[in-house]
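K.L.:
Need a 3D model of the sequence below.
(one chain, ligands or ions: 1)
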Amino acid sequence: MGELTGHVALVTGSGRGLGRTIVEALIAQGADVAIHDISEDAPAQYGEGANLTAVAAALVTPGVRTIAVTGDISDEASVARIAADVADRLGPVSILINCAGGDIGAGGTKPSPNGALDISLSDATAVMQRNFIGTVLMCRAIVPGMIARNRGSVVNFGSTNAHHGVSPEVIYGCAKAAIVHYTRCLALEVRAAGVRINAVSPGPTMSARFLATRATDPRMMGEGPSLDRYAQPSEIASVVAFLAGGRSGFISGQVLRVDGGDGVYAA
Ligand SMILES: NC(=O)c1ccc[n+]([C@@H]2O[C@H](COP(=O)([O-])OP(=O)(O)OC[C@H]3O[C@@H](n4cnc5c(N)ncnc54)[C@H](O)[C@@H]3O)[C@@H](O)[C@H]2O)c1
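P.N.:
Residues are numbered from 1 along each chain as shown. The predicted structure is shown next:
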């Protein structure tokens, strides 16, 4: 029996990257988990698995149920299908982790150019859809059931880019800032039902996509003791697991920056 035994968790964007590490953390605490990605192929894009089915097979653990589900979180019909599929196969979702997202433009790669004035409209729209609108649609699909059952915990994904001015990655920062504020507003709206809504805002974290899509500083690649480095995915996943479960039972509407203390400022 783990802390999350009896819970059903849906982790969006978990065929690879931070999402996959979060799935491992939730399974270790006994949750049944729906592993989700936009497509079967998504885990292969940066070499993290042959496909989603293979990733799900590798995560099979005695005593917990795991399923794989695909769909685009920025498409309302697709989100409804994901929610129904998970409910049919695992039962009511009590933990929703909105991890899917990233600074990924219309073509499936980082927007270029990526500034406040020069980003293309198609890339700006894609980044907002993939991050902010996708998070809103998933909450709209799952949270009403949590309210009805008076049981649920949601963890949304911001970024340290949401908390200070950035350039480039401007629209991405704006999308993450919108997620952070939506987290606060939704927490207020569902408070009376006992449903908790929180967010994490990671600093730069060594997921495969992070390492593949940006110039990295070799001095930042270590594992500590210095905090002046990139995060390990497990350092984000353990915080998400904390916010998901009962140890954070009286915390809601909060945004936890997990950045090794890099951004020590108010708000
Ligand atoms: N790695 C970092 O440095 C870092 C820092 C701050 C925040 N984040 C956030 O953490 C989350 C995970 O990032 P990661 O670094 O593991 O990257 P990643 O690309 O490995 O993970 C993102 C996942 O979301 C999925 N996804 C993207 N758009 C989708 C859509 N429309 N529908 C369904 N699935 C979709 C991707 O296929 C992928 O599985 C993202 O929200 C990202 O913005 C990452």
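
K.L.:
okay, the residue nearest the centre of the chain: pLDDT?
P.N.:
Nearest to the mean C-alpha position of the chain, by C-alpha atoms, centre = their mean, lies Cys99 at 1.1 Å. Looking at Cys99, its pLDDT is 99.

K.L.:
same thing with Asp72?
P.N.:
pLDDT, Asp72: 98.

K.L.:
and it, what helix or strand is that in?
P.N.:
For Asp72, there is no helix or strand it lies in under DSSP states H and E.

K.L.:
That one: neighbour count?
P.N.:
19 (other C-beta atoms under 10 Å). C-beta: built from backbone N, CA, C; applies to glycine.

K.L.:
same thing with the one 4 residues further on?
P.N.:
Summarising burial for Glu76: neighbours were counted as other C-beta under 10 Å, giving 13.

K.L.:
same deal with the one 4 residues further on?
P.N.:
With neighbours defined by other C-beta under 10 Å, the count for Ala80 comes to 14.

K.L.:
what do you get for Leu256?
P.N.:
For Leu256, using other C-beta under 10 Å, the count is 19.

K.L.:
would you say it is within a helix?
P.N.:
No: counting by DSSP: H, G, I helix; E, B strand; the rest coil, Leu256 falls outside a helix, being strand.

K.L.:
Check what pLDDT it gets.
P.N.:
97.

K.L.:
List the contacts of it.
P.N.:
Asn198, Ala199, Val200, Ser201, Val239, Leu243 (C-beta atoms under 8 Å, 6 or more residues apart in numbering).

K.L.:
Just put the residues you listed in JSON lines and tack on distance to the ligand.
P.N.:
JSON lines is the format used below for those (distance: C-beta to the nearest ligand atom, whole Å):
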{"residue": "Asn198", "distance to the ligand": "15"}
{"residue": "Ala199", "distance to the ligand": "10"}
{"residue": "Val200", "distance to the ligand": "8"}
{"residue": "Ser201", "distance to the ligand": "7"}
{"residue": "Val239", "distance to the ligand": "12"}
{"residue": "Leu243", "distance to the ligand": "14"}
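
K.L.:
show me the contacts for Gly71.
P.N.:
His36, Ile38, Ser78, Val79, Arg81, Ile82.

K.L.:
and the gap between the nearest residue to the fifth one once chain neighbours are set aside and the ligand?
P.N.:
Going back to what we said before, that points to Arg81. Leaving aside its sequence neighbours, Arg81 sits nearest to Gly71 (C-beta to C-beta, 6 or more residues apart in numbering; 5.8 Å). In this view, Gly71 and the ligand are 7 Å apart by C-beta to the nearest ligand atom, to the nearest Å.

K.L.:
rewinding a little: considering the contacts of Gly71, which possesses the most neighbours?
P.N.:
Result: His36 is most packed of those (other C-beta under 10 Å), 29 neighbours.

K.L.:
For it, give me its contacts.
P.N.:
So His36 contacts 10-15, 19, 68-71, 82, 100 (C-beta under 8 Å, 6+ apart).

K.L.:
Repeat the analysis, applying 6 Å as the threshold.
P.N.:
Thr12, Ser14, Val69 (C-beta atoms under 6 Å, 6 or more residues apart in numbering).

K.L.:
Next step: those restricted to strands.
P.N.:
Using DSSP state E, Val69 are the members of the contacts of His36 that sit in strands.

K.L.:
Identify the residue of the stretch 51-200 of the chain closest to the ligand, quick one.
P.N.:
Nearest residue of the stretch 51-200 of the chain to the ligand (C-beta to the nearest ligand atom) works out as Gly101 at 3.0 Å.

K.L.:
Setting the sequence-adjacent residues aside, check what's closest to that residue.
P.N.:
Nearest non-adjacent residue to Gly101 (C-beta to C-beta, 6+ apart): Asn131, at 4.1 Å.

K.L.:
Over to Gly152?
P.N.:
Per C-beta to C-beta, 6+ apart, closest to Gly152 is Met146, 2.6 Å.
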